[in-house]
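Trainee: compute the structure for the input listed below.
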Amino acid sequence: MGVKAGSKTKAKAKALTAFILLTALLLEACSPPGTKKAGNDKKSPSKSFDKTEPVSVDRVEKAEKTELNLTEKKDIYDDDRDEASVITMYLTVSRGNRADGSDHTWTEINTYSQDDYDRMGVDRYKVEGLLQIDETGNGIKKGSYGYGETVPNVSVQVRGQTSTRADQKNYKIRIKDGKERFRGQRTLNLNKHRSEPYRFLNKLCYDLMDPIPQLMGARTQFVHLYVKDTTGDGTPKEYPEWEIPPEIVDGYEDYGLFTMVEQINRTYMKSHGMDENGHLYKVTFFEWNKYEEVMVPKDDPSFDRDAFEDYLEIKGDEDPAKLQNVLNMIHNYTIPIDKIVDEHFDAENICYWMAFNILVGNYDVGARNLFIYSPLNSQRFYMICWDMDVAFKSSYNEWAGYSDGVSWECGMTQFLVVTLVNRMMKEEKYRNMLSAAVDDLYRNYVTPDKVNAKVAAYRTEIKPYLYRSPDINHLQLDDMQVYDELTSKLGSEVDRNYRVYKESLKNPWPFYVDMPKANKDTGRLILSWGISYDINEETVTYDYELARDYKFTDVISSGEDLEVPLVTVPLPEAGKYFLKVTATNESGYTTDCFDYYSVDDYGKNYGCYGFVIKPNGETEVASEE
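Mentor: Reported below is the predicted structural model:
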C-alpha cells in the first residue's frame, strides 16, 4: 500500500483524536450509525470541471520586496536564453586509477544500479573522460569547450537513485580541479527523464520559473550526447533484436537527448547570489516532523549522519542545530505559527513555491523533491524547487488510463502532509497569500499561452532526436501523432490546475486511517481514522466502506454520515481487506483520506487502506499488487 506521508505524521493524528475515539468506543452500537442527511449532495470538485469555462483572475497587489525575501541574480540565465536549443557533447571515456575509483569500464558504469552498489558496499564506479562541447552546431573549433584538450578533463558516473535501474542512464560529469568550468558550472547533470513521456517537462518548469522574482531556479540545457568508449577490449556492442542500433560516427556512439540541469550546491549558491557557506539540504523525505531519533546536535555522540541523510542530505554547513531548533518550535503548539514564520521563514517564498508547483501540476513535492536553504548567519529557511518531471502529466495519465496526481494530490491539499504548511494553511492570512501567489503566477508567468509557446519550440527542436535511435527504442510515446496531440494540451492543464486549486479550498482536509484493530474476544473489528479539518468550521461527517477487493465490488460493511471517526463491525475471517473513508462538509464537498493502495498498471486507488487480518487476530498493512 502506498502512502505519501510517513508513520510519524499518522502517530500525531492519532494523538489528536485519542479522546474522541475513547468516547466513541463507549457509545458505539454494533451496527454503523448515521443516516444520509437530506439534500446533502456530495461533491468532488477535483474530478469534475468544465475545461472550456473561462477563468477570471482578480488583480493582485504585490508586496514590497524586503531584505528578508529570497532574491536571485536573474542575469545568471543570460547565457542560455535560447531555451529550446540543443548543444552537442562529445565524451571520450577511459580508465582512470584505483585511488579515486575511476579504474573501471564504461560497461560497468552502465551495468550497476544503486541497489547493486548497496549490496557490494562500495561507492559508485567512475571513469575518466575527455569532454568537448559544440554549442553552435559548427563542430569543435577554437573557443569550444575542451578544444585542444588531449587528456581527461572530467570524471563520469551514473546519477539518480531508482533511475539507475533503467536501461537508459543519467550521468554526472564532474570537471576536474584546475580545468575550465562550463558556464561557471563544475558538475554537469545529464538527465534522460526515462519515465517522463515528453522528455522536456523538468526543463519546461525551470524555464517558466526563470523570470519569477520570488523563486530560485536553475539553468537547464538540452544536450545531444556522443560517447567514444576506450575502456573495453574493442568487442562490438550487441543489441536486442527489437532495438534499432544507434548511429556511430568516428567511433562516437549516439546516446540521444538529455537535459542538463544545474547542480544545486555551493557553486550554485555563489552563482545565484546566495551565501555559499550557508546551510543547504536536499530533501529525501522530510515532513518537518521532529524525527527525534536523528535530530540531535552534531557534537552529540549519538549523531548519525547516514541516518540524518535518510531525511535530508547535507549539501552545505553541517551543523543541524538551527534546523533542530525550528522543528522544536513548529511542534510546540503554544507558539503561534505566525510568530514562527515571521522569525524563521519567508512566507512569500513558501507561498510562491507552493503556487508554482500547484499550477504546473507537480504532485510529487512537499515532503520530497526540493532543497531547503538558510544563510549561515540567518535564522530563516527558504524552499528551492527541484526535480519536477511529474508536472504537466494530467493529459498523459488520462490517455494512459493511469491514476496518479488526482484526489488530494492536487491543489492546496497536496502540501498538507508537511507539518509546517499544515499549520500555516489553518491561518486565513497565509491562505490569502497563497491565493494571491497563484493568481499572480497564473496571470503573469505560468500562463497557458507561455506554456504552449515553449512546448511548441521544444517540440520542433527535440523530436528529430527522440524519434531516432537510441531514444525511439525507449519512448513511452512512440507514436509521433499522439506525442503532438498530448503536448498540445499542456497549456490547458494550467487552466485545469488553477480551477482545481480554487476548488480544493472548499474541501475538508484529508486525514489518515489508523490500523484496524481486531478483538477476537468480542468478535468486533475497530475501524478508526483521524479528524478531517474544515477551514470554514463546517461540520464534517464520514462515509466508509469495508470490502474484500480494492475495487469495492465485494463490500461487507458500509456506513454514511458518521459524526465520529470510528465504527465497529463484526470481525471478518482472516484475509486481505480494504477500507475506503471519505469526509464531507456541510456544503457537500468531499475528500479522500491520505492513504492509497497502489496497483501495477492502474496506479493509485485513492482513499483506500489495504490491510490483512491474520488468523491470530493481528493486523498488518497489505502489500501492493
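Trainee: just give the number of residues close to Ala437.
Mentor: 27 (other Cβ atoms under 10 Å). C-betas here are computed from N, CA, C, even on glycine.
Trainee: what about it, which SS state?
Mentor: Following DSSP: H, G, I helix; E, B strand; the rest coil, the label given to Ala437 is helix.
Trainee: tell me the pLDDT of it.
Mentor: pLDDT for Ala437: 98.
Trainee: please apply the same query to the one 4 residues further on.
Mentor: Looking at Leu441, its pLDDT stands at 98.
Trainee: need the contact list for it.
Mentor: Under the criterion of Cβ atoms under 8 Å, 6 or more residues apart in numbering, the contact list for Leu441 reads Ile212, Tyr352, Ala355, Phe356, Leu359.
Trainee: if we use 6 Å, what do you get?
Mentor: Residues in contact with Leu441 (Cβ atoms under 6 Å, 6 or more residues apart in numbering) are Ala355, Leu359.
Trainee: any buried residues in the strand or helix carrying it, and which?
Mentor: For Leu441, the enclosing helix or strand under DSSP states H and E is helix 428-444. Under the neighbour-count criterion of 16 or more other Cβ atoms under 10 Å, helix 428-444 has Tyr430, Arg431, Met433, Leu434, Ser435, Ala436, Ala437, Val438, Asp439, Asp440, Leu441, Tyr442 buried.
Trainee: same thing with stretch 100-118?
Mentor: Gly101, Ser102, Asp103, His104, Thr105, Trp106, Ile109, Asn110, Tyr112, Ser113, Gln114.
Trainee: nearest to Arg95, of the residues you listed?
Mentor: If you rank the buried residues of stretch 100-118 by distance to Arg95 using Cβ to Cβ, Asp103 comes first, at 5.4 Å.
Trainee: ok, back up a step: mind giving me JSON lines with the buried residues of helix 428-444 and columns for distance to Ser144?
Mentor: Listed next are those as JSON lines, based on distance: Cβ to Cβ, whole Å:
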{"residue": "Tyr430", "distance to Ser144": "50"}
{"residue": "Arg431", "distance to Ser144": "52"}
{"residue": "Met433", "distance to Ser144": "47"}
{"residue": "Leu434", "distance to Ser144": "46"}
{"residue": "Ser435", "distance to Ser144": "49"}
{"residue": "Ala436", "distance to Ser144": "46"}
{"residue": "Ala437", "distance to Ser144": "42"}
{"residue": "Val438", "distance to Ser144": "43"}
{"residue": "Asp439", "distance to Ser144": "45"}
{"residue": "Asp440", "distance to Ser144": "41"}
{"residue": "Leu441", "distance to Ser144": "38"}
{"residue": "Tyr442", "distance to Ser144": "41"}
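Trainee: how far does stretch 313-327 stretch from one end to the other?
Mentor: End-to-end distance for stretch 313-327: 17 Å, by Cα to Cα, to the nearest Å.
Trainee: tell me the mean pLDDT over that stretch?
Mentor: Taken as a whole, stretch 313-327 has a mean pLDDT of 93.
Trainee: point out where this structure drops to low pLDDT.
Mentor: 1-67, 79-81 (pLDDT under 70).
Trainee: report the central residue of it.
Mentor: In the chain, the centroid-proximal residue (Cα atoms, centre = their mean) is Asp364; its distance is 2.7 Å.
Trainee: correct me if wrong: His224 contacts Met89.
Mentor: No. Using Cβ atoms under 6 Å, His224 is not in contact with Met89; the gap is 7.2 Å.
Trainee: for these two, indicate the residue with more neighbours.
Mentor: More neighbours surround Met89 than the other of His224 and Met89, with 26 against 18 (other Cβ under 10 Å).
Trainee: what helices and strands are in contact with the host helix or strand of that one?
Mentor: Using DSSP H and E, the element containing Met89 is strand 86-94. In terms of contacts (3 or more Cβ pairs under 6 Å, 6 or more residues apart in numbering; DSSP states H and E), strand 86-94 is packed against strand 127-134, strand 220-229.
Trainee: re the thing from before, look at the residue nearest to the centre of the chain and give its secondary structure.
Mentor: Look at Asp364: counting by three-state DSSP, its state is coil.
Trainee: residue contacts, it?
Mentor: By Cβ under 6 Å, 6+ apart, the contact list for Asp364 reads Val390.
Trainee: residues in contact with stretch 179-193?
Mentor: 79, 145, 153, 168, 170-175, 199, 223, 258-261, 263, 267, 271, 389.
Trainee: look up the residues forming beta bridges with Asn170.
Mentor: Beta-bridge partners of Asn170, counted by DSSP bridges, are Arg159.
Trainee: what of Asp229?
Mentor: Applying DSSP bridges, one finds that Asp229 bridges with Val93.
Trainee: about what we covered before: pull out the buried residues from the contacts of stretch 179-193.
Mentor: So, by 16+ other Cβ under 10 Å, the buried ones in those are 145, 153, 168, 170-175, 199, 223, 258-261, 263, 267, 271, 389.
Trainee: what sits up against stretch 336-353?
Mentor: Against stretch 336-353 from outside (Cβ under 6 Å, 6+ apart): 69-70, 214-215, 326, 329, 379-383, 423-424, 433-434, 437.
Trainee: run through who's touching stretch 572-579.
Mentor: Contacts of stretch 572-579 (Cβ under 6 Å, 6+ apart): Leu546, Ala547, Tyr550, Cys608, Tyr609, Gly610, Phe611, Val612, Ile613, Lys614, Pro615, Ala622.
Trainee: name the nearest of those residues relative to Tyr589.
Mentor: Cys608 (19.7 Å).
Trainee: was I right about that closest one contacting Thr582?
Mentor: No. Contact criterion Cβ under 6 Å: Cys608 and Thr582 do not qualify, at 10.6 Å.
Trainee: so for the two, which residue has more residues nearby?
Mentor: Ranked by neighbour count (other Cβ under 10 Å), Cys608 and Thr582 place Cys608 first, with 26 against 21.
Trainee: so who does that one touch?
Mentor: Tyr550, Phe578, Lys580, Tyr596, Tyr597.
Trainee: will you turn the residues you listed into JSON lines that also has secondary structure?
Mentor: Converted to JSON lines, those look like this (three-state DSSP):
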{"residue": "Tyr550", "secondary structure": "coil"}
{"residue": "Phe578", "secondary structure": "strand"}
{"residue": "Lys580", "secondary structure": "strand"}
{"residue": "Tyr596", "secondary structure": "strand"}
{"residue": "Tyr597", "secondary structure": "strand"}
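Trainee: among those residues, which one lies nearest to Asn138?
Mentor: For those, the nearest to Asn138 is Tyr596 (51.8 Å; Cβ to Cβ).
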